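> give the three-dimensional model of this entry:
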Amino acid sequence: MYTEDDLLPLSALQHLAFCERQWALIHLEQQWTENRLTAEGRQMHERAHEGSDEWRDGVRICRGLRLRSLRLGLVGVADVVEFHPQRSGPGRPFPVEYKHGRPKPGRWDEVQICGQALCLEEMLKVPVPEGAIFYGEPRRRMGLIFDSSLRGETERLAARLHELQNAGVTPAAILGPHCEKCSLKDVCLPEQTTSRQVSNYTARMVAAILKEK
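As a prediction, this is how the structure comes out:
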C-alpha cells in the first residue's frame, strides 16, 4: 500500500504504455510540447469535465470525479463515470474516457481507463467489469471489458511507474514508428539518441574483442 505522498498521476499510465522515455520527459523533466492533436485532445477533456452531474434515462452521470488507489499508488480525475441502475444496491460504475482522434494500435488508452476502473473498485468496494472510450473520430464509444489480461497489464505498468519515478532517470530513446506522432519528438531527438546508443554499444564490443586478443 502506498501513502498519499506516493501517489502518481493516472494519466501517466498512458504515457508510460506508449513510451517510457516520453513518460520521463513529461513527468520527470517537466517538458511538454503541444501540437494540434494534443491541443484538441485537451479541449475535449475540458468539455467532458464541464457541467454538473445529472440523471439521464435512469443513469446517474458524474463528471470530473476524483479517483485514487492506495494499492496501485495512483490519483487522477475521470472524465465521466456513469452509474447504471441494478436490481439491488447502488448503481454500477461505468467509466467513460474521452479521446481525440481514432482508436490506437496499442493498448495505451485502454490501460488508462482500466486504471480508473481499479480505482473505482477500491474506493467504492464494488466490481467495475466494463467501461468505454469515446473517440472524437468516428464520434462513437468503444466498449471495453476489463478482463484479467488488461488488469494485469495495468497493474504491471503502475508498478513500473513507481520504479522509474524512484530511479529518477530518463530512459534512452527507442526509435520506432510511434516517434512520428509524438509531440515531444523535437525534444526527445530519438534518431540522435538511438545513434549514440548504437555507437556506444559498438565501441564497447570492439574494445571487448581487442582485449580478448
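> when you work out contacts or count neighbours from here on, use the C-alpha atoms and nothing else.
Fine.
> quick one: the strands in this protein, in order.
8-9, 54-56, 59-69, 74-84, 92-99, 130-135, 140-145 (DSSP state E).
> which one of the ones you listed has the most crowded surroundings?
Mean neighbours per residue, mean count of other CA atoms under 10 Å, is largest over the strands of the chain for strand 92-99, with a mean of 23.
> mind checking how far that strand is from the chain centre?
Put simply, strand 92-99 sits 14 Å off its chain's centre (CA atoms, centre = their mean, to the nearest Å).
> picking that back up, indicate which one of the strands of the chain is closest to Arg156.
Closest to Arg156 of the strands of the chain is strand 74-84 (CA to CA; 12.7 Å).
> low-confidence ranges, this structure, go.
33-51, 193-213 (pLDDT under 70).
> residue nearest the middle of it, spatially speaking?
With distances taken as CA atoms, centre = their mean, Gln14 lies nearest the centre of the chain, 2.0 Å away.
> need the CA coordinates for stretch 138-155. CSV is fine.
Only the C-alpha atoms of stretch 138-155 are listed here, as CSV (Å, rounded to 0.1, in the frame of the first residue of the first chain):
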residue,chain,number,x,y,z
PRO,A,138,-15.6,8.5,-35.6
ARG,A,139,-17.5,10.1,-32.7
ARG,A,140,-18.7,7.0,-31.0
ARG,A,141,-18.0,4.8,-28.0
MET,A,142,-15.8,1.8,-28.0
GLY,A,143,-16.9,-0.6,-25.3
LEU,A,144,-14.2,-2.2,-23.2
ILE,A,145,-14.2,-5.3,-20.9
PHE,A,146,-11.7,-5.1,-18.0
ASP,A,147,-10.5,-8.7,-18.3
SER,A,148,-7.7,-10.3,-16.4
SER,A,149,-5.2,-9.6,-19.1
LEU,A,150,-5.9,-5.8,-19.2
ARG,A,151,-6.0,-5.6,-15.4
GLY,A,152,-2.6,-7.4,-15.2
GLU,A,153,-1.0,-5.1,-17.7
THR,A,154,-2.4,-2.1,-15.9
GLU,A,155,-1.1,-3.2,-12.5
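> tell me where this protein has helices.
Ranges of helices in the chain, per DSSP state H, are 12-18, 20-27, 36-49, 108-124, 148-167, 185-188, 190-212.
> let me see the domain layout of the chain.
Domain ranges of the chain: 4-171, 172-213, per automatic domain parsing.
> pick the most buried one from the ones you listed.
The highest mean neighbour count among the domains of the chain, using mean count of other CA under 10 Å, belongs to domain 4-171: a mean of 17.
> which residues sit in contact with the nearest residue to the residue nearest to the centre of the chain once chain neighbours are set aside?
With CA to CA, 6 or more residues apart in numbering as the criterion, Gln14 has its nearest non-adjacent residue at 4.8 Å, and that residue is Trp108. Contacts of Trp108 were listed using CA atoms under 8 Å, 6 or more residues apart in numbering, and they are 13-15, 17-18.
> among these, which one lies nearest to Gly143?
Of all these, Gly143 sits closest to Gln14, with 17.9 Å by CA to CA.
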